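**Q** I would like the atomic coordinates for the input below:
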Amino acid sequence: MRDKEKPFLEHIEDLRGVILKCAGAIGVGSILGVLGIGRVMEILRWPLAQAQVGSPKAMPATLLALQVTDPMTVTLQIGIGAGILLTLPLVLLFIGQYLLPALESKERGLVLPAFTVGAFLFLAGVSFCYFLVLPGALRFFQEFNRWLGLETSWTMASYTDFVLQMLVGFGVSFELPLVMVILARLGILQKAVVAAHRRHAIVGLVVVSACVTPTSDPFNLALMFVPLYGLFELGLAGMGWAERHSKDGRSSPKDHTAL
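**A** Next up, the predicted model:
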């Protein structure tokens, strides 16, 4: 049973509180990122160093600052990006707490498992991008530049922007199976309907991949689309499990009534 309905103004006040808590969490994460900028920069430079391991004629992993204000701009950029990466699971928890009173008892039971799985999937997406995708992508661009006869010299701003967008993009994209399972568990989507429109879903995944990746080249598009399609198929399997679980849950009360 849902909680007693609140007046509209109280909902607005609660929403304001959620926004303030989310902004505060991201702000604290951003401050931590700025204070630890040296360590964070080492972490962000690791994929670039890995991209040059075993590469012929490898140059030192240096980044350029072309503008006088580049160090300050990049520091703020990294701080905000680190704040989002660190606090996104917490932000989702705040949003879930805000929506909790509006949910039915069955839906409320999904909040904690969904938050736990969502946090794991986000970290899995960030780790997958950091350890596997980024070194390969950076190595590809370095080799492509060398094939064109160009010397690779990236600025701090462009490099950190690319890396942070890729990390956040992969982290968010890995939530796809969870979203599909939740929608199936609530009866909003059916596996058979989604599977019947698989071709449309593929087109949608291509569009999402193009929007998430910071560049529109086919290589980066493929790096995002391939795991995203795998997650889509995993989500379909999860939808089948969720539908069977929902049917079992609906049938049990009838069996008890018959007894």
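**Q** would you map the helices across the stretch 51-200 of the chain?
**A** Secondary structure of the stretch 51-200 of the chain (DSSP state H, counting those that start in this stretch): helices located at 70-99, 105-108, 111-128, 134-147, 156-173, 176-185, 191-196, 198-212.
**Q** for the fifth one, name the packing helices and strands.
**A** In this case it means helix 156-173. Judged by 3 or more Cβ pairs under 8 Å, 6 or more residues apart in numbering; DSSP states H and E, the packing partners of helix 156-173 are helix 37-51, helix 70-99, helix 111-128, helix 134-147, helix 198-212, helix 218-258. No exception for glycine: its C-beta is placed from N, CA and C like everyone else's.
**Q** who are the packing partners of the longest one?
**A** The criterion is 3+ Cβ pairs under 8 Å, 6+ apart, and the helices and strands that helix 218-258 contacts are helix 134-147, helix 156-173, helix 176-185, helix 191-196, helix 198-212.
**Q** around residue 39, how many other residues sit close by?
**A** Using other Cβ atoms under 10 Å, residue 39 has 10 neighbouring residues.
**Q** again, but for the one 10 residues further on
**A** Using other Cβ under 10 Å, residue 49 has 14 other residues around it.
**Q** which pLDDT does the model give it?
**A** The model reports residue 49 with a pLDDT of 87.
**Q** for residue 77, which non-adjacent residue is spatially closest?
**A** residue 160 (5.9 Å; Cβ to Cβ, 6 or more residues apart in numbering).
**Q** quick one: the one helix or strand residue 9 maps to to helix 37-51, angle?
**A** Under DSSP states H and E, the secondary-structure element containing residue 9 is helix 8-35. Note on geometry: by axes from the mean of the first three to the mean of the last three Cα atoms, to 10 degrees, helix 8-35 and helix 37-51 are set 70 degrees apart in direction.
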